[in-house]
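Asks: okay, here's the prediction I keep looking at, along with the sequence it came from:
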Amino acid sequence: MARMRSLFVIATLLSLSIPGAASADQPLESPDAFEAAVTRCLLTNAAPSSCFDAHLRGHFPPGNEKLNEVVGQLRGLFEKWLGKDKVFAFHSVKRLTLGTYAERRVYLVEDSSGAIMMLDATFSRMVGKWYLRKFNLSSTKDEIKSVLGDVL
């Protein structure tokens, strides 16, 4: 199969807050709202890879706007991974909450052939507003196992 099943994509976006930097990015409503919007987008959009642009781009902490450039790369890699298949399900599989400051959420995107790709996203509050702090996107068993353990 020409499709890349062993695609490994890791895009860790560590933010380096730069005090006083102006931000073109906007805060997220909340991690729950982000999850609901991404779920709806992936399951209903005819071009599900566009969901990365629609829901990740523009939501990084102030001073980290250049991270938006990476989102387009992820879109292309997701398109290659998905190929001609469709998104079958978006599973929320893990959540870690650090008080009211940060949340880490792990999702599995399942395609119509049963293959999975993991989206690992971390959100944090900055001056009371939620931003996307970092994320990983991977389809390799080793990376998924490192995050989820022997569950799968």
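Replies: That came through fine. Numbers count the residues shown, from 1 in each chain.

Asks: would you map the helices across this protein?
Replies: 31-44, 50-55, 68-82, 141-148 (DSSP state H).

Asks: nearest to Y107, of the ones you listed?
Replies: Among the helices of the chain, helix 31-44 comes nearest to Y107, with 7.7 Å by Cβ to Cβ. For glycine as for every other residue, the C-beta is placed from the backbone atoms N, C-alpha and C.

Asks: just to revisit the earlier point, out of the helices of the chain, nearest to S113?
Replies: The minimum distance between S113 and the helices of the chain falls on helix 68-82, with 9.8 Å, by Cβ to Cβ.

Asks: for that closest one, buried residues please.
Replies: Neighbour-count burial for helix 68-82 flags N68, V70, V71, L74, R75, L77, F78, W81, L82 (criterion: 16 or more other Cβ atoms under 10 Å).

Asks: ok, so of the residues you listed, who is nearest N136?
Replies: L74 (10.0 Å).

Asks: thought the closest one was touching S50?
Replies: No: counting by Cβ atoms under 8 Å, L74 does not reach S50; the two are 11.4 Å apart.

Asks: before we move on, the earlier item: redo the buried residues of helix 68-82 as a markdown table? Include distance to L137 and pLDDT.
Replies: A markdown table is the format used below for the buried residues of helix 68-82 (distance: Cβ to Cβ, whole Å; pLDDT from 0 to 100):
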| residue | distance to L137 | pLDDT |
| --- | --- | --- |
| N68 | 15 | 85 |
| V70 | 10 | 86 |
| V71 | 10 | 88 |
| L74 | 6 | 87 |
| R75 | 10 | 89 |
| L77 | 7 | 90 |
| F78 | 7 | 94 |
| W81 | 9 | 95 |
| L82 | 12 | 96 |
